[in-house]
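# this is a predicted model, with the sequence first.
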Amino acid sequence: MMQKPILPADILLIEDREADAELVKFTLSKNKLQTNLHIVENGYDALDFVNKRNGYEDKPRPDLILLDINLPGISGIEVLQEIKKNEKTRSIPVVILTSSKHDEDVIKSYTYHANCYIQKPLDLDSFQEIIAKLEQFWFSIVVLPNKE
């Protein structure tokens, strides 16, 4: 028997493009599953959020991270490396959600243990469909580890 997911689920979106962040937020708000979306715009804030430091001490441990590769300052690949090498955060699933089509980015993402790599589609309907499917998959089908 499959364990039921604990909702509401906490999603951390690491995205520097406000339009993409708003689209994810809008799409999640339309769906039936209960999720709390937390948004940070750069890699430094992302690492502070997951490590609960520098003003993020009261934030929840994310159940899922949606990570863009192209970020100001520290790159998404570097954020992924830091999350996956830390024993306290490595079990958090990380989905790369990026416009990058470079084979090198795909290889590096999986090398550093991303759970999947998704290229952002250019059209609005496809983007919303992908977000809805991600939410459905990660919070209705997959069994996630309990929060620490």
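Looks like it came in fine. Remember, predicted model here, so these are calculated numbers, not experimental data.

# grab the most central residue of the protein for me.
residue 66 (1.7 Å; C-alpha atoms, centre = their mean).

# quick one, phi psi at it?
Torsion angles at residue 66 (phi, psi; degrees, to the nearest 10) stand at phi -110, psi 120.

# touching, it and residue 97? I think so.
Yes - counting by C-beta atoms under 8 Å, residue 97 is a contact partner of residue 66 at 4.8 Å. C-betas here are computed from N, CA, C, even on glycine.

# which residues are common contacts for those two?
Shared contacts of residue 66 and residue 97, defined by C-beta atoms under 8 Å, 6 or more residues apart in numbering, comprise 15, 134.

# circling back: could you check the pLDDT of the residue nearest to the centre of the chain?
For residue 66, the model assigns a pLDDT of 97.

# residues contacting it?
If a contact means C-beta under 8 Å, 6+ apart, then residue 66 has 11-15, 24, 95, 97, 134 as its contacts.

# sec struct for the residue lying closest to residue 14 once chain neighbours are set aside, please.
Of all residues beyond its chain neighbours, the one nearest residue 14 is residue 46 (4.4 Å), with distances taken as C-beta to C-beta, 6 or more residues apart in numbering. Using DSSP: H, G, I helix; E, B strand; the rest coil, the structure places residue 46 in helix.

# how much space separates the residue nearest to the centre of the chain from residue 57?
22 Å (C-beta to C-beta, to the nearest Å).

# repeat that for residue 109.
To residue 57, residue 109 is 29 Å away according to C-beta to C-beta.

# higher neighbour count, these two?
residue 109 (23 against 9; other C-beta atoms under 10 Å).
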